[in-house]
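>>> need a 3D model of the sequence below.
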Amino acid sequence: MNINELTYKINGCAMKVHNTLGNGFQEVIYQRCLAIELERAGLSFVREADQTIYYEGIEVGTRRADFIIENIVVVELKAKINLEDVHLAQAKKLCGRI
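Numbers count the residues shown, from 1 in each chain. Predicted coordinates for the structure are as follows:
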């Protein structure tokens, strides 16, 4: 499966969750529901995957990605009405860690 097909499937799973639940739930609820949909779609994933953060080659801590799907795509969930630049920056930093 190429990246476009994979992201299409992931987006479809996410939209199913959003259309079913709507707005107003905590992030963890959307995360649990998305895990169900990803399983139904036959996608392999790791949920809340720890990632080591390095500063100039020195380990300084860890952070968690909400999902790493097919060991290719990082999905960071946000239960927000409007995303801010800081949310995009967070996702970009996670992508560089796989």
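>>> run through the protein and note the low-pLDDT ranges.
For the chain, the stretches with pLDDT under 70 are 80-98.
>>> what ranges do the helices span in it?
Remark: helices assigned in the chain by DSSP state H are 3-21, 27-40, 85-95.
>>> packing partners of the first one?
Right, helix 3-21. Applying 3 or more Cβ pairs under 8 Å, 6 or more residues apart in numbering; DSSP states H and E, one finds that helix 3-21 contacts helix 27-40, strand 73-75. (Glycine included, C-beta is placed from N, CA and C.)
>>> between that helix and helix 27-40, how many degrees?
Angle, helix 3-21 to helix 27-40, by axes from the mean of the first three to the mean of the last three Cα atoms, to 10 degrees: 130 degrees.
>>> so how far is helix 3-21 off the chain centroid?
Offset of helix 3-21 from its chain centre (Cα atoms, centre = their mean, to the nearest Å): 11 Å.
>>> could I get the helices and strands packed on helix 3-21 as JSON lines with mean neighbour count and distance to Asn11?
Output for the helices and strands packed on helix 3-21, formatted as JSON lines (neighbours: other Cβ atoms under 10 Å; distance: least, Cβ to Cβ, whole Å):
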{"stretch": "helix 27-40", "mean neighbour count": "16", "distance to Asn11": "11"}
{"stretch": "strand 73-75", "mean neighbour count": "19", "distance to Asn11": "10"}
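>>> export those to a markdown table and tack on distance to Ile58?
As requested, these are exported to a markdown table (distance: least, Cβ to Cβ, whole Å):
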| stretch | distance to Ile58 |
| --- | --- |
| helix 27-40 | 31 |
| strand 73-75 | 23 |
